[in-house]
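A.B. asks: need a 3D model of the following:
(one chain, ligands or ions: 2)
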Amino acid sequence: MERTLIIVKPDGVQRGLVGEVIKRFEARGLRIIGMKFMQMSRELAMKHYAIHAERPFFNALVDYITSAPVVVMALEGTNAVAAARQTIGATKPHEAAAGTIRGDFALEIGRNLVHGSDSVENGIAEVNNFFAADELVSWSRNVDPWIFE
Ligand code: DAT
Ligand code: MG
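C.D. replies: Ligands and ions are numbered 1, 2, ... in the order given. I've put the predicted structure just below:
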(Lines give C-alpha, C1' and ligand atoms only; values in the text may rest on other atoms or scores of the structure.)
(Ligands and ions follow the chains in the order given, each with its own letter.)
Protein backbone atom coordinates (compact mmCIF):
# COMPACT_ATOMS: atom_id res chain seq x y z
CA MET A 1 0.00 0.00 0.00
CA GLU A 2 1.54 3.32 -1.06
CA ARG A 3 1.52 6.49 1.02
CA THR A 4 1.42 10.07 -0.17
CA LEU A 5 1.69 13.39 1.66
CA ILE A 6 -0.94 15.92 0.64
CA ILE A 7 -0.76 19.57 1.73
CA VAL A 8 -3.59 22.03 1.25
CA LYS A 9 -1.33 25.06 0.86
CA PRO A 10 -2.01 28.48 2.44
CA ASP A 11 -4.02 29.71 -0.56
CA GLY A 12 -6.29 26.68 -0.35
CA VAL A 13 -6.92 27.25 3.35
CA GLN A 14 -7.43 31.01 2.92
CA ARG A 15 -9.85 30.43 0.04
CA GLY A 16 -11.97 27.94 1.98
CA LEU A 17 -11.12 25.02 -0.30
CA VAL A 18 -10.02 22.54 2.38
CA GLY A 19 -13.25 20.55 2.21
CA GLU A 20 -13.28 20.57 -1.59
CA VAL A 21 -9.73 19.15 -1.70
CA ILE A 22 -10.38 16.48 0.93
CA LYS A 23 -13.62 15.51 -0.83
CA ARG A 24 -11.80 14.75 -4.07
CA PHE A 25 -9.23 12.47 -2.44
CA GLU A 26 -11.90 10.70 -0.39
CA ALA A 27 -14.02 10.20 -3.49
CA ARG A 28 -11.01 8.80 -5.35
CA GLY A 29 -10.84 6.05 -2.73
CA LEU A 30 -7.69 7.05 -0.86
CA ARG A 31 -7.75 6.28 2.86
CA ILE A 32 -6.86 9.05 5.32
CA ILE A 33 -4.35 7.81 7.91
CA GLY A 34 -3.25 11.18 9.32
CA MET A 35 -4.35 14.80 9.22
CA LYS A 36 -3.42 18.04 10.94
CA PHE A 37 -3.88 21.79 10.77
CA MET A 38 -0.63 23.65 11.30
CA GLN A 39 1.51 26.55 10.24
CA MET A 40 4.79 25.26 8.84
CA SER A 41 8.05 26.53 10.32
CA ARG A 42 10.72 27.74 7.88
CA GLU A 43 12.85 24.82 9.02
CA LEU A 44 10.20 22.26 8.09
CA ALA A 45 9.43 24.05 4.81
CA MET A 46 13.10 24.11 3.81
CA LYS A 47 13.42 20.42 4.61
CA HIS A 48 10.25 19.59 2.69
CA TYR A 49 11.41 21.52 -0.39
CA ALA A 50 15.15 20.75 0.02
CA ILE A 51 15.35 19.39 -3.53
CA HIS A 52 14.56 22.91 -4.80
CA ALA A 53 17.07 24.70 -2.52
CA GLU A 54 19.23 25.93 -5.42
CA ARG A 55 16.32 27.09 -7.58
CA PRO A 56 15.69 30.83 -7.97
CA PHE A 57 12.13 30.50 -6.67
CA PHE A 58 13.13 28.71 -3.45
CA ASN A 59 12.83 31.67 -1.07
CA ALA A 60 9.47 32.71 -2.50
CA LEU A 61 8.29 29.12 -2.21
CA VAL A 62 9.30 28.92 1.48
CA ASP A 63 7.72 32.35 2.16
CA TYR A 64 4.46 31.20 0.54
CA ILE A 65 4.17 27.81 2.22
CA THR A 66 4.90 29.30 5.67
CA SER A 67 2.71 32.41 5.20
CA ALA A 68 -0.51 31.01 6.67
CA PRO A 69 -1.84 27.70 8.01
CA VAL A 70 -1.94 24.53 5.94
CA VAL A 71 -3.79 21.22 6.22
CA VAL A 72 -1.48 18.24 5.95
CA MET A 73 -2.78 14.75 5.18
CA ALA A 74 -1.23 11.33 4.93
CA LEU A 75 -3.18 9.18 2.49
CA GLU A 76 -2.84 5.51 1.77
CA GLY A 77 -3.95 3.34 -1.13
CA THR A 78 -2.93 1.24 -4.08
CA ASN A 79 -1.23 3.55 -6.61
CA ALA A 80 -1.74 6.39 -4.11
CA VAL A 81 1.18 8.51 -5.37
CA ALA A 82 0.29 8.56 -9.06
CA ALA A 83 -3.46 8.74 -8.43
CA ALA A 84 -3.09 11.74 -6.12
CA ARG A 85 -0.76 13.53 -8.57
CA GLN A 86 -3.34 13.03 -11.28
CA THR A 87 -6.14 14.36 -9.08
CA ILE A 88 -3.98 17.42 -8.26
CA GLY A 89 -3.03 18.20 -11.87
CA ALA A 90 0.03 19.73 -13.54
CA THR A 91 2.38 21.99 -11.55
CA LYS A 92 1.50 24.98 -13.76
CA PRO A 93 -2.22 25.44 -13.12
CA HIS A 94 -2.87 27.06 -16.49
CA GLU A 95 -1.68 23.80 -18.06
CA ALA A 96 -3.56 21.54 -15.63
CA ALA A 97 -6.45 19.59 -17.09
CA ALA A 98 -9.96 20.68 -16.26
CA GLY A 99 -11.32 18.33 -13.62
CA THR A 100 -8.09 18.37 -11.64
CA ILE A 101 -7.82 20.48 -8.47
CA ARG A 102 -5.31 22.91 -10.00
CA GLY A 103 -7.16 22.94 -13.32
CA ASP A 104 -10.41 23.80 -11.61
CA PHE A 105 -9.25 26.25 -8.93
CA ALA A 106 -5.87 27.81 -9.75
CA LEU A 107 -4.09 30.04 -12.27
CA GLU A 108 -0.47 30.52 -11.18
CA ILE A 109 2.43 28.22 -10.32
CA GLY A 110 3.14 30.13 -7.10
CA ARG A 111 -0.48 29.68 -5.95
CA ASN A 112 -1.14 26.11 -6.99
CA LEU A 113 -3.13 25.10 -3.92
CA VAL A 114 -2.02 21.56 -3.23
CA HIS A 115 1.13 19.47 -2.77
CA GLY A 116 1.35 15.74 -3.45
CA SER A 117 4.39 13.47 -3.15
CA ASP A 118 6.06 12.70 -6.50
CA SER A 119 7.37 9.16 -5.91
CA VAL A 120 6.70 6.16 -3.70
CA GLU A 121 9.94 6.76 -1.78
CA ASN A 122 9.18 10.44 -1.28
CA GLY A 123 5.66 9.56 -0.16
CA ILE A 124 7.09 7.55 2.72
CA ALA A 125 9.78 10.13 3.55
CA GLU A 126 7.42 13.12 3.43
CA VAL A 127 4.77 11.43 5.58
CA ASN A 128 7.50 10.73 8.13
CA ASN A 129 8.68 14.37 7.98
CA PHE A 130 5.25 15.63 8.96
CA PHE A 131 3.82 12.90 11.18
CA ALA A 132 5.15 11.09 14.22
CA ALA A 133 4.36 7.38 14.28
CA ASP A 134 1.67 7.89 16.92
CA GLU A 135 -0.09 10.48 14.74
CA LEU A 136 -0.79 7.90 12.02
CA VAL A 137 -3.75 5.57 12.36
CA SER A 138 -3.66 2.05 10.98
CA TRP A 139 -7.21 1.12 10.10
CA SER A 140 -9.39 -0.38 7.42
CA ARG A 141 -12.73 0.71 6.02
CA ASN A 142 -15.66 -1.62 5.47
CA VAL A 143 -15.66 -0.39 1.88
CA ASP A 144 -11.98 -1.22 1.27
CA PRO A 145 -12.68 -4.49 -0.63
CA TRP A 146 -14.77 -2.45 -3.08
CA ILE A 147 -11.87 -0.07 -3.76
CA PHE A 148 -8.74 -2.24 -3.29
CA GLU A 149 -9.02 -5.48 -5.30
P1 DAT B 1 4.81 19.97 -7.74
O2 DAT B 1 4.26 20.85 -6.64
O3 DAT B 1 3.83 19.82 -8.86
O4 DAT B 1 5.35 18.67 -7.23
P5 DAT B 1 7.60 20.79 -8.03
O6 DAT B 1 7.93 19.75 -7.02
O7 DAT B 1 8.36 20.78 -9.32
O8 DAT B 1 6.04 20.78 -8.39
O9 DAT B 1 7.80 22.24 -7.39
C10 DAT B 1 7.36 22.47 -6.06
C11 DAT B 1 6.68 23.80 -6.03
O12 DAT B 1 7.61 24.84 -6.36
C13 DAT B 1 5.55 23.95 -7.07
O14 DAT B 1 4.33 23.48 -6.60
C15 DAT B 1 5.53 25.44 -7.30
C16 DAT B 1 6.98 25.85 -7.12
N17 DAT B 1 7.66 25.91 -8.42
C18 DAT B 1 8.12 24.89 -9.17
N19 DAT B 1 8.70 25.31 -10.30
C20 DAT B 1 8.62 26.67 -10.27
C21 DAT B 1 9.03 27.72 -11.14
N22 DAT B 1 9.66 27.46 -12.29
N23 DAT B 1 8.74 29.00 -10.77
C24 DAT B 1 8.12 29.27 -9.61
N25 DAT B 1 7.70 28.32 -8.73
C26 DAT B 1 7.95 27.06 -9.06
MG1 MG C 1 6.99 18.20 -6.12
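
A.B. asks: only C-alpha atoms from now on, for both contacts and neighbour counts.
C.D. replies: Will do.

A.B. asks: OK, contacts around residue 41?
C.D. replies: residue 66 (Cα atoms under 8 Å, 6 or more residues apart in numbering).

A.B. asks: how near is it to residue 21?
C.D. replies: 23 Å (Cα to Cα, to the nearest Å).

A.B. asks: show me the helices in the chain, by range?
C.D. replies: Using DSSP state H, the helices found in the chain span residues 10-14, 18-28, 42-48, 58-65, 80-88, 101-105, 120-130.

A.B. asks: compare the ones you listed and give me the one nearest ligand 1.
C.D. replies: helix 58-65 (6.0 Å; Cα to the nearest ligand atom).

A.B. asks: for that closest one, the averaged confidence score.
C.D. replies: The average pLDDT within helix 58-65 is 98.

A.B. asks: ok now it, how far from the chain's centre?
C.D. replies: 16 Å (Cα atoms, centre = their mean, to the nearest Å).

A.B. asks: now do that helix: which elements does it pack against?
C.D. replies: helix 42-48 (3 or more Cα pairs under 8 Å, 6 or more residues apart in numbering; DSSP states H and E).

A.B. asks: from the chain's centroid, how far away is the helix it packs on?
C.D. replies: Using Cα atoms, centre = their mean, the offset of helix 42-48 from its chain centre is 15 Å.
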